[in-house]
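Q: Sequence below, structure please.
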Amino acid sequence: MTNEQILTCAINIGEQLLINGAEISRVEDTISRICSAYGVRQSHIFSIASCIIVSLETSDGEWVTQTRRILNYGTNMYKLDRLNNLSRKICSEHLPRQAIEEEFDAIVKSKEYPPALQIAVCAMVAAAFTVFFGGTLRDGFAAAFVGVLLKLTLYGLQSMKMKQIFSNIICSILSGLLCIFVCFAGLGRHLDTIMIGNIMLLIPGVLLTNSFRDFISGDMISGLLHFSEAIITAVCVAGGFIIAIILTGGSL
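A: Take a look at the predicted model:
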């Protein structure tokens, strides 16, 4: 492979790792190892949540640089696992460019879990947390019903490409109103536990965990960015439920 092709393959994998929820240290280490496997003298990588910049010195003394802007990212453990396996395979077997691109494209285009399954899991998680925090089975079924509607709302807002901060506020307000409605209609009894069960669907737990992993790895900028985003998201979620309670006259 040419020097540009080596860098392109490395930064493509790093970009997808970042998009699918990998911590910054993993992204930088993966890019560095792939470049080293193909004879690069040294590589300098700077990555934050929204950008990757890579400069490398080739065996010929030539410097090559690429930058990638990351606009959206989330969490997809399935793709992360396959990308990690691909990067290890590249480093150990020194795959040719065509083989790398074929496997990389297959990973990027791999399908997510079906929407019906994701909705069912959201309902189950909401019900489980409701019962865990002291709700009855009746409350669990009510929380599952709200969880289904919440996930459908998230799908609708994602199709509109709405910014996450606004979608979190809208979803939390709607979820709070639905929780109050199911209790008013007699489907559930304990409003607080039903709300807690659905709040857990919106809490950015993975993002908060990654921020602490970034801190531990010494990536202070990325850690602060992820931590700030997690806190802002949590505040938006809490604010949405507060608005729902105020709109219904202080139902709690």
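
Q: any idea of the pLDDT on the residue nearest the centre of the chain?
A: Nearest to the mean C-alpha position of the chain, counting by C-alpha atoms, centre = their mean, stands residue 74 at 2.4 Å. With respect to pLDDT, residue 74 scores 80.

Q: residues contacting it?
A: Counting by C-beta atoms under 8 Å, 6 or more residues apart in numbering, residue 74 makes contact with 19-21. No exception for glycine: its C-beta is placed from N, CA and C like everyone else's.

Q: Can you show me the strands along the stretch 51-200 of the chain?
A: For the stretch 51-200 of the chain, the strands defined by DSSP state E, counting those that start in this stretch occupy 51-57, 63-69.

Q: Between strand 51-57 and the last one, find me the angle.
A: Read it as strand 63-69. 170 degrees (axes from the mean of the first three to the mean of the last three C-alpha atoms, to 10 degrees).

Q: which residues are contacting strand 63-69?
A: Strand 63-69 has contacts (C-beta under 8 Å, 6+ apart) with 3-4, 7-8, 11, 14-15, 50-58.

Q: Just the buried ones from those residues?
A: The neighbour count (16 or more other C-beta atoms under 10 Å) marks 3, 7-8, 11, 14-15, 52, 54, 56-58 as buried among the contacts of strand 63-69.

Q: Next, find the distance separating the nearest residue to residue 100 once chain neighbours are set aside from residue 30.
A: Once flanking residues are discounted, residue 100 sits nearest to residue 9: 5.3 Å by C-beta to C-beta, 6 or more residues apart in numbering. Residue 9 is 11 Å from residue 30, where distance means C-beta to C-beta, to the nearest Å.

Q: Would you mark the buried spots in stretch 229-248?
A: Buried, per 16+ other C-beta under 10 Å, within stretch 229-248: 229-230, 233-234, 236-237, 240-241, 244-245.

Q: So which of these is the closest to residue 215?
A: residue 230 (12.3 Å; C-beta to C-beta).

Q: Measure how buried the nearest residue to that closest one once chain neighbours are set aside is and give me the count.
A: Once flanking residues are discounted, residue 230 sits nearest to residue 208: 4.1 Å by C-beta to C-beta, 6+ apart. As a burial measure, residue 208 scores 17 neighbours (other C-beta atoms under 10 Å).

Q: Same question for residue 217.
A: Close neighbours of residue 217, defined as other C-beta under 10 Å, add up to 16.

Q: Give the full set of residues in contact with it.
A: Residue 217 is in contact with 23-25, counting by C-beta under 8 Å, 6+ apart.

Q: Check residue 176 too.
A: Residue 176 neighbours (C-beta under 8 Å, 6+ apart): 195, 240-245.

Q: quick one: it from residue 163, how far?
A: Distance, residue 176 to residue 163, by C-beta to C-beta: 20 Å.

Q: Sketch out the helices for the chain, chain order is fine.
A: Using DSSP state H, the helices found in the chain span residues 3-19, 24-37, 77-93, 97-108, 115-132, 137-159, 164-184, 191-199, 205-217, 220-247.

Q: how about CSV for those helices, with distance to residue 70 added?
A: Output for these, formatted as CSV (distance: least, C-beta to C-beta, whole Å):
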stretch, distance to residue 70
helix 3-19, 6
helix 24-37, 10
helix 77-93, 15
helix 97-108, 14
helix 115-132, 23
helix 137-159, 17
helix 164-184, 14
helix 191-199, 28
helix 205-217, 14
helix 220-247, 11
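
Q: now, of those helices, which is deepest in the fold?
A: Highest mean neighbour count of those: helix 191-199, a mean of 24 (counted as mean count of other C-beta atoms under 10 Å).

Q: Tell me what angle that helix forms with helix 115-132.
A: Interaxial angle, helix 191-199 versus helix 115-132 (the same axes, to 10 degrees): 140 degrees.
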